[in-house]
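> Sharing a sequence plus its predicted fold:
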Amino acid sequence: MSTDKTENTQAKPPFDLERMLRRYLKEVRHSMVLGMELKQVSPEGVLVRLPYSDKIVGNPETGVIHGGAITSLMDQACGLAVAVALAPEFDITPTIDLRIDYMRPAEPGKDVFAFVEAYRKTRQVVFTRGIAFHEDRNRPIAHCVANFTRMGLNKTPWSNNTPKQEGEA
Amino acid sequence: MSLKDTLAQCRAADDYSALVSAVPYAKLLGIGCIKTGDEVIFTLPALRDNIGNPTLPAIHGGVLGGFIEHSAILQVIMAMEEPHFPKVVDLSLDYLSAGHFRDSFAECRILRMGRRLANVSVLVWQTSKNEPVASARAHLLLS
């Protein structure tokens, strides 16, 4: 895990990153439709909750939720992890690619949690990985890796003109 | 109605809307399908609830992922002799350009369908197939 990320979250002037991210997430309409909620932000990663609901059922015969809803959860959580890694800078960071492995079916009626970390950050790319699970992180439902590109626009809802971080790529 | 009966009905009527609406998540996204001769094109209408980035605005990356995954599932179900829901093992999504707030289309190619596994390649576009928005590969477990 990169050390500058830790420095970033402690950078000045201080601001409430978690509150900013919550506000940002509220703007993402589809994530709100699915009822996603940012539970926790730390230098290690973000924790996002996807509540169970009938409208995201993928198999009407079993009540198991659709993998697509989990993909949305992972994509969203990865995007938030990127924002954490770049903070207090802000950038537009489109997803380059996302790979998801479904390791066991989700259980009907249960909420799904995503824990995602940005494990590498360069000038142009942020690499993220994470898992989805119900209660136990050691029994993941899905595993995902997603890479994001930095547009370098420094378009800054939470701007404080912090100098650009030095990356290797 | 069982999936098998639904599919039999869809095949007879040459209209797969009943199969699509059997799945709540597909209804949420508004997924549809159009028959073009013997082939099928899946559709994702521009719905406000599918928006991710509000400023562009753009379709949520996860919605495109869900659309792709469900298209692959439907394509495989249509190819089954004994239709049932396949299990998606993995999905690899490449985002090629921003999915703008307009209708999207997907075409699936089953590259291989064995007894246990299917490999499906999916292409998503909006205005022209020559300018794809996303491309993907999925493995589905059939039994």
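Nice, thanks for sending it over.
> ok, B:Arg116 - contacts?
Residues near B:Arg116 by C-beta atoms under 8 Å, 6 or more residues apart in numbering or on different chains: B:Leu141, B:Leu142, B:Ser143. Just so you know, the C-beta spots here come from the backbone N, C-alpha and C atoms, and that holds for glycine as well.
> Check the gap between it and chain A for me.
Going from B:Arg116 to chain A by C-beta to the nearest C-beta, to the nearest Å gives 16 Å.
> what's the helix or strand for A:His30?
Assigned by DSSP states H and E, A:His30 belongs to helix A:29-33.
> Any buried residues in that helix, and which?
A:Arg29, A:His30, A:Ser31, A:Val33 (16 or more other C-beta atoms under 10 Å in any protein chain shown).
> quick one: secondary structure of B:Asn119?
strand (DSSP: H, G, I helix; E, B strand; the rest coil).
> what's the neighbour count on it?
15 (other C-beta atoms under 10 Å in any protein chain shown).
> swap in A:Glu61?
For A:Glu61, the count of nearby residues is 11 (other C-beta under 10 Å).
> Return the residues in contact with it.
A:Glu61 neighbours (C-beta under 8 Å, 6+ apart): B:Leu3, B:Phe85.
> now swap in A:Met74 and tell me
With contact taken as C-beta under 8 Å, 6+ apart, A:Met74 is in contact with A:Leu98, A:Ile100, A:Ala114, A:Val116, A:Gly130, A:Ala132, A:Ala142, A:Cys144, A:Ala146, B:Gly62.
> Equivalent analysis for A:Ala118, please.
A:Ser2, A:Lys5, A:Gly45, A:Ala81, A:Val82, A:Val84, A:Ala85, A:Val126, A:Phe127, A:Thr128.
> Only whichever of those residues are buried, select them in ChimeraX.
Selection of buried members from the contacts of A:Ala118 for ChimeraX, criterion 16+ other C-beta under 10 Å:
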select /A:2,5,45,81,82,84,85,126,127,128
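> any idea of the mean pLDDT in stretch B:33-49?
Mean pLDDT, stretch B:33-49: 93.
> Check stretch B:70-80 too.
94.
> who's in contact with it?
A:58, A:66, A:68, B:3, B:7, B:16, B:19-20, B:23, B:25-26, B:29, B:31, B:33, B:40, B:42, B:83-86, B:88, B:91, B:106, B:108, B:110, B:113, B:118, B:120, B:122, B:136, B:138, B:140, B:142.
> give me the beta-bridge partners of A:Cys144?
A:Ile100, A:Gly130 (DSSP bridges).
> Go ahead and confirm it touches A:Tyr102.
No. Counting by C-beta atoms under 8 Å, A:Cys144 does not reach A:Tyr102; the two are 9.8 Å apart.
> Mind naming the longest helix for chain B?
Taking DSSP state H as the criterion, chain B has its longest helix at helix B:61-79.
> quick revisit: mind checking which of the contacts of B:Arg116 are buried?
Of the contacts of B:Arg116, these count as buried by 16+ other C-beta under 10 Å: B:Leu142.
> Tell me the one of the contacts of B:Arg116 nearest chain A?
If you rank the contacts of B:Arg116 by distance to chain A using C-beta to the nearest C-beta, B:Leu141 comes first, at 9.4 Å.
> now that closest one, nearest residue through space, not along the chain?
Nearest non-adjacent residue to B:Leu141, counting by C-beta to C-beta, 6 or more residues apart in numbering or on different chains: B:Lys87, 4.3 Å away.
> Contact partners for that neighbour?
A:Tyr102, A:Pro105, B:Leu140, B:Leu141.
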